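Colleague: sequence? don't have it. structure:
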């Protein structure tokens with residue numbers, strides 16, 4: 001695992017970003033989608049890690065950074081405190097915004113992307129995202 005800080009969010013969330021209102025319905029597994037609403041909690045109840053993009057290897061998720069107030073985000077604070085973000089990167093993350101049409105909360109995003117009966121195209125996209133996730137998990141184990 002690299003000690004390099006993760007790249008900051010892209011200008012716009014990827015097409016499969018769960019925070020996008022136009023993300024395919026049913027794209028994410030319920031267990032994975034449930035994580036989105038955990039970042040809606042009070043700071044001390046949130047996950048203590050950054051939420052990374054599922055398309056861009058290691059990049060901070062653009063939708064996550066724009067949907068959730070980063071000044072109250074435990075993952076961002078922990079990344080700064082542990083050196084996974086520099087102070088300049090943290091400042092940039094605090095001011096990050098995108099023009100993409102996003103849900104207003106992680107709960108709204110989770111409800112949308114884990115809805116039942118995804119299309120065959122969405123099932124195939126989900127399979128590809130799962131394969132990427134498994135590959136990244138395998139890389140972090142070495």
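Modeller: Alright, I've got the coordinates. Just so it is clear, the model here is predicted, and its values are computed rather than measured.
Colleague: the helices in this protein, which residues?
Modeller: 30-38, 62-67, 74-81, 87-95, 106-113, 120-140 (DSSP state H).
Colleague: contact partners of the last one?
Modeller: If I follow you right, that is helix 120-140. For helix 120-140, contacts defined as Cβ atoms under 8 Å, 6 or more residues apart in numbering pick out 1, 16, 24-29, 32, 54-55, 57, 118. Bear in mind the C-beta positions are built from the backbone N, C-alpha and C, glycine included.
Colleague: relative to the whole chain's centre, how far out is it?
Modeller: With Cα atoms, centre = their mean, to the nearest Å as the basis, helix 120-140 stands 14 Å off its chain's centre.
Colleague: next, the angle from that helix to helix 106-113.
Modeller: Computed by axes from the mean of the first three to the mean of the last three Cα atoms, to 10 degrees, the angle separating helix 120-140 from helix 106-113 equals 120 degrees.
Colleague: buried set for helix 120-140?
Modeller: 122, 125, 126, 129 (16 or more other Cβ atoms under 10 Å).
Colleague: among the helices of the chain, which comes closest to residue 11?
Modeller: helix 62-67 (7.4 Å; Cβ to Cβ).
Colleague: residue 74 contacts residue 44, doesn't it?
Modeller: Yes - proximity of residue 74 to residue 44 meets the contact threshold set by Cβ atoms under 8 Å, at 6.9 Å.
Colleague: flag the shaky bits of this structure, pLDDT-wise.
Modeller: 1-5, 56-57, 115-116, 133, 136-142 (pLDDT under 70).
Colleague: just give the closest residue to residue 93, not the sequence neighbours.
Modeller: Sequence neighbours aside, residue 70 is the residue nearest to residue 93 in space, at 5.2 Å (criterion: Cβ to Cβ, 6 or more residues apart in numbering).
Colleague: roughly how far does residue 19 sit from residue 119?
Modeller: From residue 19 across to residue 119, the span is 20 Å (Cβ to Cβ, to the nearest Å).
Colleague: which one's more surrounded, those two?
Modeller: Shown here are residue 19 and residue 119; by other Cβ atoms under 10 Å, residue 19 has more neighbours (29 against 12).
Colleague: so how far is residue 44 from the closest residue to that one other than its chain neighbours?
Modeller: Of all residues not flanking residue 19 in the chain, residue 63 sits nearest, at 2.7 Å (Cβ to Cβ, 6+ apart). Using Cβ to Cβ, one gets 23 Å for the distance from residue 63 to residue 44.
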